[in-house]
Structure formats: C-alpha cells, structure tokens
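> Sequence first, then the predicted structure, then my questions.
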Amino acid sequence: MRRRLAAATVLLTVLTSVTACSGDDGGGSTEVKTITVNLEGDKATPTGDRVDVDVNQPVDIDITADRAGQIHVHSSPGQYFDFKAGDNDPIKLQFDRPGKVEIEFHEPIDAPIVELLVQ
C-alpha cells in the first residue's frame with residue numbers, strides 16, 4: 001500500500017509539472033512595440049538599430065516621410081509595404097517564430113531601418 005501511495009504521489013507531481021508547462025503558447029509580450037521611422041532627404045532614422053521583440057508581439061512601424069516610398073521586411077515570406085509622403089497609418093507586423101528580421105527602405109533610398117531580434 002505504501003508503495004502505491006508513493007508511486008501515486010510521484011505521478012501526480014510529474015503530471016502537475018507537465019500541465020503547468022504545457023500552457024505556454026510560445027507568446028511573449030502582448031504590448032505593441034512601436035518603431036518610429038522618419039525619412040527626410042537622404043537621411044533616415046533609425047539606421048539599422050537592433051530591437052528585441054517577443055514571438056507574437058505586435059510591432060507597429062510608424063513612418064513619416066517627405067516623399068513616398070517602399071520598405072521591405074525580410075521575413076518568410078518577404079513583405080513589401082508602400083508608404084506616402086507625410087504621416088502614414090502604422091504598418092502592423094507580428095512574427096510567430098524566433099529569428100532575425102531586417103527591415104529596410106527600398107525606395108526612395110536604399111537604407112536599413114531596424115533589425116528585429118524575435119525571441
């Protein structure tokens with residue numbers, strides 16, 4: 001009887017541990033990470049800064065530009081977004097797996113914006 005009780009206690013402890021870990025959906029912060037991007041003339045900010053984001057964390061790219069253009073998000077699959085001169089609606093991104101995602105201007109200049117490190 002003691003053996004059965006001890007075995008049952010160990011089994012219950014293991015099952016509780018497994019259940020507690022299985023609720024992790026791989027997501028991190030649900031807080032929106034906003035990256036403000038400015039383009040004026042041949043100068044852009046930021047210029048390739050590394051930004052840490054969590055898997056499944058929403059990312060907004062807010063672009064203000066003196067002329068229209070396009071950015072490229074080096075994700076899988078790659079994504080292209082056009083923007084207009086002036087203030088733009090945020091480009092909304094979210095990544096479901098870890099990795100490095102480079103975001104750069106393709107037009108009107110060829111320049112890095114940010115490198116997202118998705119963890």
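Sure, I can see it.

> any idea which element Asp82 lies in?
Here Asp82 is covered by strand 79-83, with elements defined by DSSP states H and E.

> Pairing partners for that strand, with directions?
According to DSSP bridges, strand 79-83 forms sheet pairs with strand 69-74 (antiparallel).

> got a list of contacts for the strand it pairs with?
39, 61, 63, 78-83, 91, 93, 101-109, 113 (CB atoms under 8 Å, 6 or more residues apart in numbering). From N, CA and C alone the C-beta is placed, and that goes for glycine too.

> go with 6 Å
79-83, 101-108 (CB atoms under 6 Å, 6 or more residues apart in numbering).

> again with stretch 84-91
Asp60, Ile61, Asp62, Ile63, Thr64, Ala65, Arg67, Ala68, Phe81.

> same deal with stretch 102-115?
With CB under 6 Å, 6+ apart as the criterion, stretch 102-115 contacts 35, 37, 42, 44, 46, 48-51, 67, 69-74.

> end-to-end on that stretch?
4 Å (CA to CA, to the nearest Å).

> got it, and stretch 99-117?
End to end - CA to CA - stretch 99-117 spans 6 Å.

> burial of Gln70, as a residue count?
13 (other CB atoms under 10 Å).

> What score does it have for pLDDT?
With respect to pLDDT, Gln70 scores 97.

> Tell me the bridge partners for it.
Asp82, Glu107.
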